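Trainee: quick one: sequence and predicted model below, then my questions.
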Amino acid sequence: MTKFIRFQLSLMMFLEFFIWGGWFVTLGTFLDYNLEATGAQTATAFSTQSWGAIIAPFIVGLIADRFFNAEKILGILHLVGAVLMYMMYLSTDFAEFYPLVLGYMIAYMPTLALVNSVSFNQMVDPAKEFSFIRVFGTIGWIVAGLVISYVFFWDSPGGRQEGMLANTFLMVAIASAFLGLFSFTLPKTPPTVDRSKKVSIVETLGLDALSLLKDRNFLMFFLASVLICIPLAFYYQYTNLFLSEIGTENPTGLMTIGQVSEVLFMLLLPFFFKRFGFKITIIAGMLAWTVRYLLFAYGDTGDLIFMLIIGIALHGICYDFFFVSGQIYTNFKAGNRFKSSAQGLITLATYGVGMLVGFYIAGLIADANILPDNLHDWESIWIFPAAFALGVMLLFAIFFKNEEIDNKNIEI
């Protein structure tokens with residue numbers, strides 16, 4: 001890979017996740033302050049991510065892999081996304097906003113697979129080369145949060161009251177338009193599947209990997225993956241609004257600590273995985289969710305603000321130790337036959353079904369804990385995902401039997 005191609009792919013990843021982090025983190029706060037959305041409406045808006053994840057395999061598997069170059073579809077989808085983002089910027093009520101965010105997520109979610117396809121197509125040894133490219137995505141997410149909080153102050157108390165969070169959609173629309181045009185300059189990534197070869201819907205969605213569920217251990221891991229996405233949804237949907245309501249300064253910038261933590265624990269994961277094994281690693285990840293939400297429930301912006309900071313910093317353990325470890329374990333259990341379809345199945349089950357249910361439940365819990373001043377009883381809200389994550393962890397600890405995993409499969 002030449003330095004110029006490495007630069008192209010790094011910029012592509014930076015923009016891909018700058019776009020996502022530039023509006024999704026503050027979405028819950030925007031809906032509450034700008035559109036006065038209920039918890040149920042907020043859940044409906046966030047669930048568009050899940051619908052996008054469910055529909056994405058059709059776009060990638062039935063279109064991108066068979067008919068058109070990945071970089072061209074990437075460009076078209078981001079240009080469409082730019083238009084939808086600009087229309088979201090102009091929206092003034094939820095009824096107008098919802099179909100736009102749904103359309104946007106259907107366009108955006110397939111691009112997560114497409115940027116990987118474009119990257120892998122240029123690599124001789126993806127196991128060694130991809131992490132260098134992918135880390136720029138995390139940097140992009142971090143930069144988006146810092147820009148919102150420390151450059152434009154859109155999430156400051158005054159900015160929220162004046163409706164300035166709408167500007168995040170304009171910023172992302174510009175970035176999306178740039179990435180859309182830039183994508184057409186990326187290295188050519190032709191279709192990977194012979195058009196004459198028939199590919200069933202079952203294979204496209206990874207459902208042929210369902211046979212792996214006959215293995216008791218994989219079944220337990222699969223169920224735990226779906227269930228842990230319910231407390232995960234609370235974090236995505238309400239953390240920014242929570243920090244804003246309790247008076248935290250620069251909440252979006254503060255939340256970037258989670259992405260810094262993600263990079264750190266990604267580097268520590270191989271050591272932890274090899275030292276303690278898969279089961280303990282997964283349990284640590286699930287236990288971190290419980291600890292995080294308890295810290296959120298009892299922390300404050302005064303002397304106990306360190307509890308909020310630690311809760312955010314636990315993101316690296318929460319995400320890496322469970323989801324990245326899960327990808328490694330899935331790769332190990334699937335073997336060559338179901339390697340791709342098994343990963344697709346887990347993604348569909350977690351970001352599709354699991355998160356869809358999680359967003360809905362989070363909305364119900366939030367609506368049930370609204371105070372007379374139209375604020376939220378956050379202690380009661382955070383106790384639910386803390387207890388739920390602990391329950392999932394205990395079930396997994398009891399019913400999952402530890403097993404050795406070949407160290408050769410531990411490639412981050």
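Mentor: All right, it came through fine.
Trainee: CA only for contacts and neighbour counts going forward, please
Mentor: Will do.
Trainee: average pLDDT for the host helix or strand of residue 41?
Mentor: Assigned by DSSP states H and E, residue 41 falls within helix 39-46. The average pLDDT within helix 39-46 is 96.
Trainee: how about the helices in the stretch 201-350 of the chain?
Mentor: 201-204, 216-245, 251-298, 305-313, 315-319, 325-347 (DSSP state H, counting those that start in this stretch).
Trainee: if you count contacts, what does the third one end up packed against?
Mentor: Under the contact criterion of 3 or more CA pairs under 8 Å, 6 or more residues apart in numbering; DSSP states H and E, the helices and strands touching helix 251-298 comprise helix 126-146, helix 216-245, helix 305-313, helix 315-319, helix 325-347, helix 378-399.
Trainee: contacting residues around the third one?
Mentor: Taking contacts as CA atoms under 8 Å, 6 or more residues apart in numbering, the residues outside helix 305-313 that touch it are 254-255, 257-258, 260-261, 291-293, 295-296, 298-300.
Trainee: now those residues: which count as buried?
Mentor: 254-255, 257-258, 260-261, 291-293, 295-296, 299-300 (16 or more other CA atoms under 10 Å).
Trainee: could you dump the residues you listed to TSV with distance to residue 167?
Mentor: Converted to TSV, the buried ones among the contacts of helix 305-313 look like this (distance: CA to CA, whole Å):
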residue	distance to residue 167
254	19
255	19
257	23
258	23
260	25
261	27
291	34
292	30
293	30
295	31
296	28
299	30
300	28
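Trainee: and these as JSON lines, adding distance to residue 134 and pLDDT?
Mentor: JSON lines is the format used below for the buried ones among the contacts of helix 305-313 (distance: CA to CA, whole Å; pLDDT from 0 to 100):
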{"residue": "254", "distance to residue 134": "22", "pLDDT": "96"}
{"residue": "255", "distance to residue 134": "20", "pLDDT": "97"}
{"residue": "257", "distance to residue 134": "18", "pLDDT": "97"}
{"residue": "258", "distance to residue 134": "16", "pLDDT": "95"}
{"residue": "260", "distance to residue 134": "14", "pLDDT": "94"}
{"residue": "261", "distance to residue 134": "15", "pLDDT": "95"}
{"residue": "291", "distance to residue 134": "28", "pLDDT": "98"}
{"residue": "292", "distance to residue 134": "26", "pLDDT": "98"}
{"residue": "293", "distance to residue 134": "28", "pLDDT": "98"}
{"residue": "295", "distance to residue 134": "30", "pLDDT": "98"}
{"residue": "296", "distance to residue 134": "30", "pLDDT": "98"}
{"residue": "299", "distance to residue 134": "33", "pLDDT": "97"}
{"residue": "300", "distance to residue 134": "34", "pLDDT": "95"}
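Trainee: between all of these, which two are separated the most?
Mentor: Spatial extent of the buried ones among the contacts of helix 305-313 (CA to CA) is set by the pair 260 and 300 at 22.0 Å.
Trainee: can you list the domain ranges for the chain.
Mentor: The chain resolves into domains spanning 1-188, 205-412 when parsed by automatic domain parsing.
Trainee: least confident of the helices and strands packed on helix 251-298, on average?
Mentor: helix 325-347 (a mean of 75).
Trainee: tell me which residues of whatever helix or strand comes next after that one come out buried.
Mentor: Using DSSP H and E, the helix or strand that follows helix 325-347 in sequence is helix 355-367. Residues of helix 355-367 classed as buried by neighbour count (16+ other CA under 10 Å): 355-367.
Trainee: helix 355-367 versus helix 216-245: what angle between them?
Mentor: 40 degrees (axes from the mean of the first three to the mean of the last three CA atoms, to 10 degrees).
Trainee: which elements pack onto helix 355-367?
Mentor: helix 39-46, helix 48-59, helix 216-245.
Trainee: low-scoring stretches of the stretch 51-200 of the chain, by residue?
Mentor: Judged against pLDDT under 70, the low-scoring parts of the stretch 51-200 of the chain cover residues 60-62, 64-66, 127, 192-200.
Trainee: from the contacts of helix 305-313, which two are the most distant?
Mentor: Farthest pair in the contacts of helix 305-313, by CA to CA: 260 and 298, 23.6 Å.
Trainee: which other residues reach the helix or strand harbouring residue 85?
Mentor: Here residue 85, judged by DSSP H and E, is contained in helix 70-90. Residues outside helix 70-90 that contact it (CA under 8 Å, 6+ apart): 64, 97, 100-101, 103-104, 107-108, 111, 114-115, 117-118, 166-170, 172-177, 179-184, 186-191.
Trainee: which ChimeraX command selects the buried ones in those?
Mentor: Command for ChimeraX that selects the buried part of the contacts of helix 70-90, burial taken from 16+ other CA under 10 Å:
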select :64,97,100,101,103,104,107,108,111,114,115,117,118,166,167,168,169,170,172,173,174,175,176,177,179,180,181,182,183,184,186,187,189,190,191
